[in-house]
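In: Just a sequence and a predicted model for now, questions to come.
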Amino acid sequence: MDRTGLTYNTEKEQIVISEYGRCVQEMIKKLPEIEDREQRTEAAKYIISVMVQMNPSIKQSSDYEHKLWDHLYMISGYNLDVDSPFAPPIPVEQQSKPQHIGYQNNDIKYGHYGQYLIKMIEAASQEENDEVREALAYSLAGQMKRDYLEWNKSVVNDQVIIDDLKNLSGGRLVISDESKLNSNGDQPGKGQPQAKQQQQQGKKKKKKVPNLKANMNNPNNPAYKKRMQELGKL
């Protein structure tokens, strides 16, 4: 195949900033060939206006003009001598990589509960009051159950939650094996869902009140016949 005059983009120079396209990059590369400094500066300003049209979202920034001139220098390879309204960027600052912030090395035995819940269990384990510690145990167990279901997306046995809570608290937060954990973390028999259920059961069903007006218009109704007799129509 004769490829005379054909050039693929893969064979061309890599685009520095893809938002402006290859045509803008080629125009910027031609700027150093203009010998007159004033003409070169005017050409750079014209290219800046084209860059705004190619990437109009940059105008959302308050200092977009400064960014455009910085991009102009970056695309030129920092080899541009024009009268810029802003100081040219320093290549070292633009090309240097940010400092790595590192990764957390926290060793969590039960990752699906999360680090903050583990700290809450440790704090609740220090409670000296037995009643308060028991209430905290049920509340934390409910949260553990929600986190477990959110992580595994399946049904979980309450005994698993009870055992995990006991292990994480060092045996300080203990719930009876016969307890059934509510989704809101309340103690059995004290949860809001059961209270609502008892309240609904205590409500009496309303008796249906017959529609007297509709029955009075029914010819087969004895009350209708009696009413007509009183009016002398029967």
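Out: On my side now, so go ahead. Residues are numbered from 1 along each chain as shown.
In: hey, which helix or strand in the chain has the poorest pLDDT?
Out: helix 192-202 (a mean of 47; mean pLDDT, DSSP states H and E).
In: Output stretch 66-83 in PDB, but only the C-alpha positions, please.
Out: Extracted as PDB, the C-alpha positions of stretch 66-83 are listed here (Å, rounded to 0.1, in the frame of the first residue of the first chain):
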ATOM      1  CA  HIS A  66      -3.600  32.800  33.900                       C
ATOM      2  CA  LYS A  67      -4.200  29.100  33.400                       C
ATOM      3  CA  LEU A  68      -4.500  29.600  29.600                       C
ATOM      4  CA  TRP A  69      -1.100  31.300  29.500                       C
ATOM      5  CA  ASP A  70       0.400  28.500  31.700                       C
ATOM      6  CA  HIS A  71      -1.000  25.900  29.300                       C
ATOM      7  CA  LEU A  72       0.400  27.800  26.400                       C
ATOM      8  CA  TYR A  73       3.900  27.600  27.900                       C
ATOM      9  CA  MET A  74       3.400  24.000  28.800                       C
ATOM     10  CA  ILE A  75       2.400  23.000  25.300                       C
ATOM     11  CA  SER A  76       5.300  24.900  23.800                       C
ATOM     12  CA  GLY A  77       7.700  22.900  26.000                       C
ATOM     13  CA  TYR A  78       8.500  26.100  28.000                       C
ATOM     14  CA  ASN A  79      10.300  27.300  24.900                       C
ATOM     15  CA  LEU A  80       8.400  30.500  24.200                       C
ATOM     16  CA  ASP A  81       9.500  34.100  24.300                       C
ATOM     17  CA  VAL A  82       6.500  36.500  24.300                       C
ATOM     18  CA  ASP A  83       5.200  39.400  26.300                       C
END
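In: residues making contact with that stretch?
Out: 16-17, 20, 24-25, 28-29, 31-32, 37-38, 40-41, 44, 47-48, 51-52, 58, 61, 84-86, 88-89, 91, 94 (C-beta atoms under 8 Å, 6 or more residues apart in numbering). (Each C-beta comes from the backbone N, C-alpha and C, glycine too.)
In: mind listing the helices in this structure by residue range?
Out: Along the chain, counting by DSSP state H, helices occupy 21-30, 37-54, 64-75, 91-95, 115-125, 130-152, 158-168, 192-202, 212-216, 222-230.
In: mean confidence score for the longest one?
Out: By that I understand helix 130-152. The average pLDDT within helix 130-152 is 89.
In: just checking, what packs against that helix?
Out: Here helix 130-152 touches helix 115-125, helix 158-168, going by 3 or more C-beta pairs under 8 Å, 6 or more residues apart in numbering; DSSP states H and E.
In: Could you do the first one as well?
Out: With contacts defined as 3+ C-beta pairs under 8 Å, 6+ apart, the secondary structure elements packing on helix 21-30 are helix 37-54, helix 64-75.
In: Kindly provide the distance from the residue sitting nearest the centre point of the chain to Ala43.
Out: Most central in the chain under C-alpha atoms, centre = their mean is Glu150, positioned 15.2 Å from the mean C-alpha point. Separation of Glu150 from Ala43 (C-beta to C-beta, to the nearest Å): 59 Å.
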